[in-house]
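A.B. asks: Here is a sequence with its predicted model. Questions after.
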Amino acid sequence: MKKRNLLFRISIVIFSVFTILYIIYSFSKNAKIGEKAPEFTTQLVNGENYSLSNSRGNYVLLYFWGSWCGPCIRNAPELVAISENYKSKFFDKDSKLEILSVALEKKGKKWKRVVNKFGFNWELQVVQFHKIVLNSSIANKYGVLEIPSKFLIDPDGNIVLSKTSFSEIEQYLEKRLIKG
């Protein structure tokens, strides 16, 4: 009995150490303001291949979310409003805003119901399936440890806002809006 209890405690300690090391490693990869946005290539839900560099010349709002995430669902109307508000507007460097939403899911099609319910009608939508959802390849490149997470990437491919709010994104974009 004592030996079994000791083995259990040792395994808990080992698991905890690996978890802490993983978190530290993930934080060290965190995409930082002023740095080039990590490049990635993926498949969109419409079947087309997409690379972040395809959007060079435009602002990109990179939004990580999940259908199982309460705050993500509560944020959905705000994301749609930003899309609607800025879809036909131009910013500095004759750029537009592209929204790239990345759904982090374990399985199933629940994400599709959310997309349909809230009207995610932009072209750049990705779904990544993984048993541990935050282990998605794109989320790892950006150091995403919680969702929703938002990054704003400028036309030159630099991160200008990281893990930010929608109001901060709107303030940033409004300053760069070409009035006309």
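C.D. replies: Yep, it's here. In this text the structure is predicted, and so the values were computed from the model without any measurement.
A.B. asks: Quick check: beta-bridge partners of the spatially most central residue of the chain?
C.D. replies: Compute the mean C-alpha point of the chain, and by Cα atoms, centre = their mean the closest residue is F64, 2.6 Å away. Beta-bridge partners for F64, by DSSP bridges, are V102, S149.
A.B. asks: correct me, but it touches K141?
C.D. replies: No. Look at F64 against K141 with Cβ atoms under 8 Å: they stay out of range, at 11.0 Å. Any C-beta I mention is one placed from the backbone N, CA and C, and that applies to glycine too.
A.B. asks: got the domain boundaries for this protein?
C.D. replies: 1-30, 32-176 (automatic domain parsing).
A.B. asks: residue ranges for the helices of the chain, please.
C.D. replies: Secondary structure of the chain (DSSP state H): helices at 2-28, 70-86, 110-118, 137-141, 166-176.
A.B. asks: Of these, which is nearest N46?
C.D. replies: Judged by Cβ to Cβ, the one of those that comes nearest to N46 is helix 110-118, at 11.8 Å.
A.B. asks: Output the contacting helices and strands for that closest one.
C.D. replies: Other helices and strands packing on helix 110-118, by 3 or more Cβ pairs under 8 Å, 6 or more residues apart in numbering; DSSP states H and E, are helix 70-86, strand 97-105.
A.B. asks: Out of the domains of the chain, which is the most enclosed?
C.D. replies: Among the domains of the chain, the stretch with the highest mean neighbour count (mean count of other Cβ atoms under 10 Å) is domain 32-176, at a mean of 17.
A.B. asks: what about it, start to end distance?
C.D. replies: 21 Å (Cα to Cα, to the nearest Å).
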